[in-house]
Every structure is written in structure tokens, then in C-alpha cells.
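Student: here is my input; please provide its structure:
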Amino acid sequence: MIGQVPPSRHARRGGGGGKRRNIIIAAIAVVVVAIAAVVVVVVRSGGNANTTGFVPSGSSPEQDAQQTTTAFLQAWQTGDLNQAARYTDQPGVAQAALVNYRKYLHLSKLTGTAPSATPVSGGGTRESVTFGVNATVADADGTGALHGTWSYHSKLTAYAKPNSNLWYIAWAPDVLAPNLTKSTHLAAVKVAPQVAQVSDTSGKDITTYQDAGLTKLASLLGQQAPPGRGTPGLNVEIQSAAGKAVENSQAAIIAPNNIPNLTTTIDPTAEAAAQAAVTMHKGSSIVVIQPSTGKILAIANNAGFNNFALTAKVAPGSTMKIITSAALISSGVLTASSAVACPSAYTVQGITYHNDNNETLPAGTPFVTDFAQSCNNAFSVQWPHLSGGGLARAAKKYFGLNQPWNIGIPGVSGSYFNAPASASGSELAQEAFGEGQLTASPLAMASVAATVSTGTFKQPILLPGTKQLTATPLPASTVDQLKQMMQAVVTSGTAAGVGFGPGVYAKTGTADIQGQEQPNSWLVAFKPDKDVAVACLVVNAGYGAQFAGPEAKAFLDRY
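Tutor: Residues are numbered from 1 along each chain as shown. Here you go, the predicted model:
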């Protein structure tokens with residue numbers, strides 16, 4: 001340990017409130033953006049570029065050591081790194097280190113302060129020399145870089161060569177700065193402004209909800225302010241050869257302008273209602289979206305430390321039939337009133353799919369009824385109409401899925417839904433009713449419901465002002481028919497027993513998971529008069545109408 005940074009505003013990080021060790025430089029006098037250097041007087045009697053070492057003219061070993069060090073500093077600050085290196089006893093190694101110092105600090109100016117010397121015991125004429133350095137560094141070269149002046153002290157050993165008038169600097173990596181080694185170098189790096197608190201729309205810290213998802217999001221948002229918020233700072237740090245920062249090696253050159261509070265789209269009323277709803281079952285997660293804007297109003301999990309609301313990658317079950325229906329209706333294959341039989345079993349490529357409890361719906365059954373009763377094989381038989389990537393294409397074209405979303409966390413994007421474009425045959429038949437290689441999160445499926453509500457995809461965002469991806473609006477006729485079908489789910493279909501009441505449009509989902517005791521329970525719904533859409537997932541539970549349905553209703557009743 002070299003020492004501590006003297007107390008100053010540059011030694012603090014906004015919002016942290018704690019102390020931080022800095023192991024680069026001991027006795028940093030002051031860190032300022034500009035500093036005047038002490039003039040170094042150089043005795044030039046040894047300045048022959050074809051030789052090594054230095055011939056001082058002092059009247060004592062201390063003066064000789066000071067002159068030798070001053071000559072080294074003078075060559076270093078004028079950029080004559082070859083000559084500076086030749087004052088050491090390892091010119092090749094020293095020059096490489098000096099080049100790295102200039103390169104990784106993006107050095108534009110360096111001045112040295114007058115050295116002081118004290119004898120070193122142990123035989124021979126050796127002096128320990130302490131000197132100061134003022135280095136103007138930047139996070140990059142060129143215009144637009146962040147510049148600051150780093151002031152510190154370092155130490156070296158100068159010695160007289162036996163039976164000679166030459167003096168040398170005993171080369172070691174830490175001559176340039178304390179704690180440097182053969183495998184490390186210094187670097188100037190930009191420090192992003194941090195966020196002290198992440199809040200809901202009322203100003204309440206979202207970590208106080210004690211939800212795994214919100215706590216994780218607060219942590220991510222706290223690490224780096226969004227673009228345009230706050231101003232960055234500048235640090236000098238020790239890095240490994242691979243460019244990884246050495247722990248506790250940062251010296252603050254310019255402190256960042258941190259953000260005291262960052263307001264998200266989380267709505268306290270919606271969040272409270274969602275939190276209450278997920279208490280009904282373990283393994284529950286809910287996401288709530290405002291369809292008109294894409295704002296994420298609530299994220300709630302009752303799954304221990306798991307944030308299934310955003311991170312779940314599981315089959316969406318029959319909630320996928322919304323996308324399948326949109327693909328079929330928008331392409332003119334079917335309408336809500338088309339007659340579509342639902343056979344109890346359907347075989348494709350040697351694989352047979354059976355409806356739940358071998359239910360069947362006869363020829364002449366309106367497609368809206370197939371949808372409302374969630375009869376799988378009415379959808380699996382449609383796979384030829386979805387081939388060539390048609391299902392995946394509809395998911396992206398109209399619902400904005402199958403691509404990464406940035407919901408507002410700087411530098412972080414994620415794909416919350418995946419439908420492989422290569423699916424065909426038996427795989428595609430299975431995906432048509434929501435299983436197979438499909439994966440989805442409640443965030444994605446809440447967005448699907450929200451898209452039907454308004455007819456236009458609004459990418460979900462957690463941070464106001466976040467740039468949103470766009471998608472092709474659903475054809476008006478398709479929207480009308482999807483609403484008719486989702487309303488039938490509530491009035492006469494699989495969710496009729498949930499008791500949603502008028503004005504709610506929904507779709508249940510039950511996804512069998514291999515190796516899991518019970519299926520995953522899904523339900524998505526929207527209520528236009530409240531401008532709200534919700535998706536609920538209860539893992540390893542049972543039918544969508546029995547577990548996810550009541551939770552979604554509990555949310556809508558409270559919101």
C-alpha cells in the first residue's frame with residue numbers, strides 16, 4: 001500500500017458516502033485541472049545520446065543524484081524518451097515503459113519538480129531520490145477528450161558506477177509511479193456519472209419495494225447515468241496488460257457530476273397492485289405496461305431472488321396464439337369467422353400432437369371459438385401457412401419482438417422473446433400453439449397485449465426519453481378481430497370463470513415444461529379504458545386460468 005489520497009472533493013464518489021483507498025500514488029499534494037510546475041534546473045554534462053549514464057558535477061553524492069534525476073526528468077518532459085531511458089541501467093525496458101506511460105495516459109504535457117536525495121545504506125554510493133510529477137492526461141487523443149492534470153510524487157534510486165564518474169538510475173517499473181510492475185501500466189479513463197437513487201414516478205426509491213427485479217434494475221441504473229445526464233469525471237488507474245483495472249488503484253483527477261435521483265416509469269399505484277397480486281402464488285411474476293406509451297408501470301416478482309418478470313426464457317404457451325392469429329389474419333389466410341376444425345390429434349413429420357384431454361372441435365367451428373377455447377390443433381394445422389419464417393417475421397414486424405430492446409439501462413439491451421426463423425414442420429406446428437423452441441418473458445408478452453390494445457407496438461421502456469424501436473402497425477381489421485377473439489376468451493372461453501368483467505381482453509396460456517411437475521401458467525390481458533396491459537407468469541403451477549388468471553384479475557381490480 002502506497003498511501004492515501006489527501007482528503008479533498010476529488011477523493012469522494014457522489015452518492016457513496018464512504019472512504020476509498022487509492023494505491024497509485026502516495027502523498028498526492030493536490031489534484032487540479034491545471035497546475036504550475038517547479039522549474040527543473042538541468043546540468044547537461046552527461047547529455048550524449050550515444051552513451052548511457054550521466055556525468056554530474058555536484059560537490060556531494062546528494063547533489064550528483066539530484067542532477068542525474070533532473071537530467072532524466074528533463075529528457076522525459078521534453079519527450080526525448082530514448083535519452084531519458086539511457087540515463088537508466090536498463091535503457092530498452094525503461095524506454096518501453098516510458099512509451100506506455102505516454103500512450104495509455106494520452107499524455108500532452110509533463111513537468112517534473114525539483115528532487116531531494118538521501119543516502120541509501122548497504123554499500124556503494126547510492127541515493128534515494130524523491131521527485132514530483134505534474135502530468136496532463138486525457139481519456140483519449142484528439143478533440144473532445146476529457147483532460148486533467150495529475151500531480152504526484154515518486155521515488156527512484158540513483159547510484160555511482162564503481163570506478164567511474166558515471167551515475168545511473170536503477171531502473172524499476174515503479175520509477176514512473178508507485179506500485180507499477182512489469183505486467184501493469186497506468187491509464188487515464190473516463191468515469192461515468194453515477195446515480196444516487198432510482199425512484200418511481202412519486203420519488204420513492206424503487207429498492208424499498210424489495211423486489212428482485214426492481215432492486216437489480218436500480219443497481220444497473222445506479223452504476224452509470226443515462227446519456228445526457230450528469231457529466232463524466234476522469235481517473236488515473238493501474239491496469240493489467242489486458243487492460244483490466246487493478247482493484248483500489250484509482251486516483252480521481254476530475255470528479256464526475258453525479259445524479260442525485262433518476263426517475264423511472266414505475267407507477268406507485270400499479271406497482272403496489274402488482275406486488276399484492278403476486279403474493280397469491282410462489283413463482284409469480286407480473287409486468288404492467290401502458291399501451292399508449294410503452295412505459296413499464298410495474299415489475300413484480302414473488303420468486304425469491306429471481307426476476308422472472310424480465311429474465312424468464314420459457315415457452316409462452318397459448319398466449320403465443322395472439323401472434324399466430326395475427327400472422328394468419330393479416331396475411332389473409334383466416335378471419336375470426338373462418339371455419340377451422342380442431343382435431344383431437346394431429347401428426348406432422350411423425351410427431352403427433354394431442355389436445356389437452358383430447359378435446360376436439362368439429363369442422364365449421366369459427367376460428368374465434370378455437371381461440372377462445374384455446375384448442376391447440378386448430379393452430380398446429382396452420383403451420384404450412386407460417387413456414388418460411390412467417391411466424392417469426394410476424395412477431396418482429398407487428399410486435400417488435402425477436403430483437404434486442406434497450407429499456408433504458410445504459411449499455412444494456414436484451415432479447416425478451418425468441419422465435420427461430422428457421423422453424424418448420426413439426427417444430428413450427430408446435431410453436432404455433434406456443435411451445436417448442438419458443439422462449440418469452442412476461443415483459444414481452446405484456447407488450448404483445450399492449451400492441452393489440454392500441455394496434456401499434458410501443459417498445460417497453462423503464463426510463464422516460466429512452467429511444468424506442470418501432471414496428472409496422474397491425475392492420476385495423478386484424479386489430480378488430482384480435483380484440484373480438486380476446487374478448488371471447490373472457491366472456492365464453494378459458495378465462496370465463498376468472499370473473500374479469502366487461503372491458504377486459506385476455507388470453508390464457510398453459511405451457512408444459514419437460515421435467516417439470518406442473519405446467520407454467522400464463523395470462524395476458526389489457527383494459528383500454530385504463531390504458532393498461534398486464535402479463536402474469538406463475539411457474540410450475542398449472543392451468544393459466546387457475547393461477548395466472550386470478551393474479552391478473554387481482555391486479556386489475558386494485559389498479
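
Student: show me the helices in the stretch 251-400 of the chain, by range?
Tutor: Ranges of helices within the stretch 251-400 of the chain are 268-278, 308-311, 321-330, 367-373, 377-380, 383-386, 390-399, based on DSSP state H, counting those that start in this stretch.

Student: turn those into a markdown table, including distance to Thr78 and mean pLDDT.
Tutor: Yep, even glycine has a C-beta here, placed from its N, CA and C like the rest. Formatted as a markdown table, the helices of the stretch 251-400 of the chain follow (distance: least, C-beta to C-beta, whole Å; pLDDT from 0 to 100):
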| stretch | distance to Thr78 | mean pLDDT |
| --- | --- | --- |
| helix 268-278 | 62 | 98 |
| helix 308-311 | 56 | 95 |
| helix 321-330 | 68 | 98 |
| helix 367-373 | 80 | 98 |
| helix 377-380 | 77 | 98 |
| helix 383-386 | 72 | 97 |
| helix 390-399 | 60 | 98 |
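
Student: need the ones you listed in TSV (columns: mean neighbour count and distance to Ser154).
Tutor: Below are the helices of the stretch 251-400 of the chain laid out as TSV (neighbours: other C-beta atoms under 10 Å; distance: least, C-beta to C-beta, whole Å):
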stretch	mean neighbour count	distance to Ser154
helix 268-278	22	54
helix 308-311	25	48
helix 321-330	25	64
helix 367-373	24	75
helix 377-380	26	73
helix 383-386	20	69
helix 390-399	22	58
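
Student: right, and the ones you listed - which one's nearest Ala450?
Tutor: helix 390-399 (9.5 Å; C-beta to C-beta).

Student: ok, back up a step: could you dump the helices of the stretch 251-400 of the chain to CSV with distance to Asp141?
Tutor: Shown next, in CSV, are these (distance: least, C-beta to C-beta, whole Å):
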stretch, distance to Asp141
helix 268-278, 46
helix 308-311, 39
helix 321-330, 49
helix 367-373, 61
helix 377-380, 58
helix 383-386, 53
helix 390-399, 40
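
Student: among the ones you listed, which comes closest to Val534?
Tutor: helix 268-278 (7.9 Å).

Student: distance from that closest one to the middle of the chain?
Tutor: Centroid separation for helix 268-278 versus its chain: 26 Å, with C-alpha atoms, centre = their mean, to the nearest Å.

Student: export that helix to PDB, keeping only CA atoms.
Tutor: C-alpha atoms of helix 268-278 as PDB (Å, rounded to 0.1, in the frame of the first residue of the first chain):
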ATOM      1  CA  PRO A 268     -46.600   3.500  -7.400                       C
ATOM      2  CA  THR A 269     -50.300   2.600  -7.700                       C
ATOM      3  CA  ALA A 270     -49.600   0.000 -10.400                       C
ATOM      4  CA  GLU A 271     -46.600  -1.300  -8.500                       C
ATOM      5  CA  ALA A 272     -48.500  -1.700  -5.300                       C
ATOM      6  CA  ALA A 273     -51.300  -3.500  -7.100                       C
ATOM      7  CA  ALA A 274     -48.800  -5.900  -8.800                       C
ATOM      8  CA  GLN A 275     -46.900  -6.500  -5.600                       C
ATOM      9  CA  ALA A 276     -50.200  -7.500  -3.900                       C
ATOM     10  CA  ALA A 277     -51.200  -9.800  -6.800                       C
ATOM     11  CA  VAL A 278     -48.000 -11.800  -6.900                       C
END
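
Student: quick one on the thing from earlier: Pro410: which of the helices of the stretch 251-400 of the chain is closest?
Tutor: The closest of these to Pro410 is helix 308-311. By C-beta to C-beta, the value is 16.3 Å.

Student: sec struct for the residue of the chain most remote from its centre, please.
Tutor: The centre of the chain is farthest from one residue, Asn163, which by C-alpha atoms, centre = their mean lies 62.5 Å away. Under DSSP: H, G, I helix; E, B strand; the rest coil, the three-state class of Asn163 is coil.

Student: for Val55, see how far away it is.
Tutor: Asn163 sits 14 Å away from Val55, going by C-beta to C-beta, to the nearest Å.

Student: re earlier: can you pull the contacts of the residue farthest from the centre of the chain?
Tutor: Shown in contact with Asn163 (C-beta atoms under 8 Å, 6 or more residues apart in numbering): no residues.

Student: quick check: closest non-adjacent residue to Ala535.
Tutor: In this structure, Ala535 finds its nearest non-sequential neighbour in Ala446, 3.6 Å apart by C-beta to C-beta, 6 or more residues apart in numbering.

Student: same question, Lys527
Tutor: Once flanking residues are discounted, Lys527 sits nearest to Val504: 5.2 Å by C-beta to C-beta, 6+ apart.

Student: specify the beta-bridge partners of the residue nearest to Ala309 when sequence neighbours are not counted.
Tutor: Spatial nearest neighbour of Ala309, chain neighbours left out: Ser285 (4.1 Å); criterion: C-beta to C-beta, 6+ apart. Using DSSP bridges, the bridge partners assigned to Ser285 are Asn301, Leu537.

Student: Ser285 against Pro442, yeah?
Tutor: Yes. Using C-beta atoms under 8 Å as the test, Ser285 is close enough to Pro442 to be in contact (5.2 Å).

Student: what is in contact with these two at once?
Tutor: Common contacts of Ser285 and Pro442, defined by C-beta under 8 Å, 6+ apart, comprise Phe308, Ala309, Ala312, Cys536, Leu537.

Student: just give me the neighbour total for the last one.
Tutor: Other residues within reach of Leu537, judged by other C-beta atoms under 10 Å, total 36.

Student: and it, how far from Asn248?
Tutor: Taking C-beta to C-beta, one finds Leu537 at 42 Å from Asn248.

Student: how about the fourth one?
Tutor: Using C-beta to C-beta, one obtains 45 Å as the distance from Cys536 to Asn248.

Student: of those two, who's got more company?
Tutor: Using other C-beta under 10 Å as the criterion, Cys536 and Asn248 rank with Cys536 on top: 35 against 13.
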